[in-house]
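Undergrad: Sequence plus the predicted model coming up.
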Amino acid sequence: MTAANQAVPILMYHAIGHRTAPATHGLSVAPGAFAEQMDLLGGRGFTPVTTAELGRAWRHGAPLPPRPVLITFDDGYEGVHRHALPVLAEHGFSSTLFVSTGWLRGAHDTGGALDTMLDWDQVRALAAAGTEIGGHTHTHPQLDQLDDPRLRHETLHCREIIAGELGAAPLSFAYPYGYSSRRVRQAVRAAGFAQSLAVGNALARRRQGPYALERVTVRRSTGIEEFERLVEGRAIARGFARDRALTKGYAVVRRTRRAVRLLRT
């Protein structure tokens, strides 16, 4: 199979921890479970790549390594440094961390974070260890509900802060909640990002386009057998049928809300 036709699992993680906040618990993963999942990837011969590496390969038609997989983390929870980084380092795995810059501890903190977050020294340590740092907006809003000025601010300000803190502008982006639209995707591209990830709960394929690549959710309830099915691409549609139905229904609600707001302005 050529790289252009290859389906790639992009794993979406959030918090990694023993005891996480109630707001993040369902989408968190216990450290032991994360280590077991990484052991499975290594044992099955998967080769983790970053989001930027996948984007470059599919943009230019370059070959991907054997059994590529992406390990991604959203928001910027402190457990990614405390618990995930040692496991990734043990295996020599790369990953991508998408940070909401206004949630991280430090000078840019606007409040609103759901759990203990990384500080910028920890983000720099992750970057130095080979983790790609991507953007995830500044304050983690539903981007498709924002007006154009705030949409530009959330995407561009996030990118500017990361560039200032790390000395290099991020290339990759992930939509908070997975929500996007054509207008949102255009704004992300205009802000300077080369590719962006949604959710979708399906394997990523080149034909999805660089600004709508799909991921599969790994959560607290994901057992090792289900995780194996996810990375092998088996029965994903059936396993996430309820998630897909809820996503489609809520997409209609969000579009209606935005249309009503526009009529009132």
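TA: Looks like it came in fine. Numbers count the residues shown, from 1 in each chain.
Undergrad: where along the chain do the strands fall?
TA: Secondary structure of the chain by DSSP state E: the strands cover 10-13, 47-48, 68-75, 95-99, 131-135, 172-174, 195-200, 213-217.
Undergrad: what's in contact with the first one?
TA: In this case it means strand 10-13. 29, 34, 51, 54, 69-74, 80, 84, 197, 199, 203-204, 213-218, 230-231 (CB atoms under 8 Å, 6 or more residues apart in numbering). Glycine gets a C-beta too; all of them are placed from N, C-alpha and C.
Undergrad: Direction included, what does that strand pair up with?
TA: strand 68-75 (parallel), strand 213-217 (parallel) (DSSP bridges).
Undergrad: Tell me which of these is the most buried.
TA: With neighbours defined as mean count of other CB atoms under 10 Å, the strands paired with strand 10-13 peak in mean count at strand 68-75, which reaches a mean of 24.
Undergrad: ok, then the element right after that strand?
TA: With elements assigned by DSSP states H and E, the helix or strand that comes after strand 68-75 is helix 79.
Undergrad: List of residues touching that next one?
TA: By CB under 8 Å, 6+ apart, the residues outside helix 79 that reach it are Ala15, Ile16, Gly17, Thr20, Ser28, Pro31, Thr116.
Undergrad: Now find how far off-centre it is within its chain.
TA: The offset between the C-alpha centroid of helix 79 and the centroid of the whole chain comes to 15 Å, using CA atoms, centre = their mean, to the nearest Å.
Undergrad: Now do the helices in the stretch 151-265 of the chain.
TA: In the stretch 151-265 of the chain, the helices defined using DSSP state H, counting those that start in this stretch lie at 182-190, 224-232, 236-239, 241-264.
Undergrad: The stretch 1-150 of the chain too?
TA: Remark: helices assigned in the stretch 1-150 of the chain by DSSP H, counting those that start in this stretch are 22-25, 31-43, 51-60, 79, 85-91, 120-128, 148-166.
Undergrad: Identify, out of the ones you listed, the most deeply packed stretch.
TA: Greatest average neighbour count among those goes to helix 79 (a mean of 26), per mean count of other CB under 10 Å.
Undergrad: isn't Val123 right up against Glu165?
TA: Yes - the pair Val123 and Glu165 qualifies as a contact (CB atoms under 8 Å) at a distance of 7.0 Å.
Undergrad: In JSON lines, list the contacts of helix 79 along with pLDDT.
TA: Below are the contacts of helix 79 laid out as JSON lines (pLDDT from 0 to 100):
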{"residue": "Ala15", "pLDDT": "98"}
{"residue": "Ile16", "pLDDT": "98"}
{"residue": "Gly17", "pLDDT": "98"}
{"residue": "Thr20", "pLDDT": "96"}
{"residue": "Ser28", "pLDDT": "98"}
{"residue": "Pro31", "pLDDT": "98"}
{"residue": "Thr116", "pLDDT": "97"}
